[in-house]
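1. What follows is a predicted protein model with its sequence.
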Amino acid sequence: MDGKVAFVTGAGGGIGTEICKLFIAEGACVLAGDVRLDIAEAAAEASGGGDRIIPVALDVTDGDNVRAGLARAAEAFGKIDVLCNVAGGSTPHDARVTDAPEEEFWRAIKLDLFGTFLVCKYGIPYLQKAGGGSVINFSSMVAIMALTDRDCYTAAKGGVHALTRSMAPEYAPDRIRVNAIAPGLTVSERVRGLIDEREELRKLADQCLLGPCEPIDMAHVAVYLASDESRHTTGQVIPVDSGVTIY
């Protein structure tokens, strides 16, 4: 990834931090955005990237904030080649349709789907100006398989899945590839504690053919999609789920 500039959202989470670290290790420059500046700064420090990584406070649901973050990245590094939309997540308030609070549905849609939409809307013109690039969205295994009591999150990630596929042919003439990663159960520090507390997560962990995934597994696929090695890969949603979705 030497010479490439990546705009990473959700950089302070387990997956986002590993992506920033690996992008830096592979030679990229990175703008690491997170809704909390302190954890964006922690991710930047953990990457060891020095002045090749800039942490910023970034709310992906705020169009003005997204535009300002993108402008900061382009000003600092001269261009943007990669959009990596990691920001998102579910909460314990999610449930089946008849039980889920309306506000939880709109929270998931706004963060996971609308946030991805905004970064693509305002970020793709930078990729066009750079002569092409890569958009990496984050879907989920819930967009591929049935997972009960997650209907708000499922709806949002299903939208990311569909958006990824529709954007791929739209921006292919600009040499922009659009793909998504669909993580399975990924054991970050937060999730490791939840597995011990929640029976459904323990059952899901038991279904992982190769054991639960770790954030670095997503980062390796992100590097592939960000690099020229994936130059003919577009419109794909790549599950990284230890085989769970084959059932």
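-> On my side now, so go ahead.

2. Any buried residues in the helix ranked longest in the chain, and which?
-> The longest helix of the chain (DSSP state H) is helix 151-171. Using 16 or more other Cβ atoms under 10 Å as the test for burial, helix 151-171 gives 151-161, 163-165, 167-168, 171. Any C-beta I mention is one placed from the backbone N, CA and C, and that applies to glycine too.

3. Quick one: mean pLDDT for it?
-> Averaging pLDDT along helix 151-171 gives 97.

4. Direction included, what does the helix or strand following that helix pair up with?
-> Next helix or strand after helix 151-171 toward the C-terminus (DSSP states H and E): strand 176-183. Using DSSP bridges, strand 176-183 pairs in its sheet with strand 133-138 (parallel), strand 237-240 (parallel).

5. so how far is Ala32 from Ser166?
-> 28 Å (Cβ to Cβ, to the nearest Å).

6. where does the chain have low pLDDT?
-> For the chain, the stretches with pLDDT under 70 are 189-199.

7. Skipping its backbone neighbours, what lies nearest Arg36 in space?
-> Gly12 (6.1 Å; Cβ to Cβ, 6 or more residues apart in numbering).

8. same deal with Ser230?
-> Leaving aside its sequence neighbours, Ser230 sits nearest to Tyr224 (Cβ to Cβ, 6+ apart; 5.3 Å).

9. how close does the spatially most central residue of the chain sit to Val8?
-> Computing the C-alpha centroid of the chain and ranking residues by Cα atoms, centre = their mean puts Val86 first, at 2.0 Å. Going from Val86 to Val8 by Cβ to Cβ gives 6 Å.

10. okay, and the common contacts of these two?
-> Jointly contacting Val86 and Val8 under the rule Cβ atoms under 8 Å, 6 or more residues apart in numbering are Gly16, Ile19.

11. All the strands of the chain, in order from the start?
-> 5-9, 29-34, 53-57, 82-85, 133-138, 176-183, 237-240 (DSSP state E).

12. Run the chain-centre distance for the fifth one.
-> Once both centres are worked out by Cα atoms, centre = their mean, to the nearest Å, strand 133-138 turns out to sit 8 Å from its chain's centre.

13. Now the residue located most distally from the centre of the chain, what are its backbone angles?
-> For the chain, the largest distance from the centre (Cα atoms, centre = their mean) belongs to Thr98, which lies 28.4 Å off. Backbone torsions for Thr98, taken as degrees, to the nearest 10, come to phi -70, psi -10.

14. Report the separation between it and Ala155.
-> On the measure of Cβ to Cβ, Thr98 and Ala155 end up 14 Å apart.

15. rewinding a little: how about the strands paired with strand 176-183, which one is nearest Met1?
-> When those are compared by Cβ to Cβ, strand 133-138 sits nearest Met1, at 10.2 Å.

16. quick one: contacts of that closest one?
-> So strand 133-138 is contacted by 10, 15, 80-86, 88, 116, 120, 123-124, 127, 160, 163-164, 167, 171, 175-183, 222, 225-226, 230 (Cβ under 8 Å, 6+ apart).

17. List only those of those residues flagged as buried.
-> For the contacts of strand 133-138, a burial check counting by 16+ other Cβ under 10 Å picks out 10, 15, 80-86, 88, 116, 120, 123-124, 127, 160, 163-164, 167, 171, 176-183, 222, 225-226, 230.

18. right, and Leu209 touches Thr245 too?
-> No: if you go by Cβ atoms under 8 Å, Leu209 and Thr245 don't touch, sitting 10.7 Å apart.
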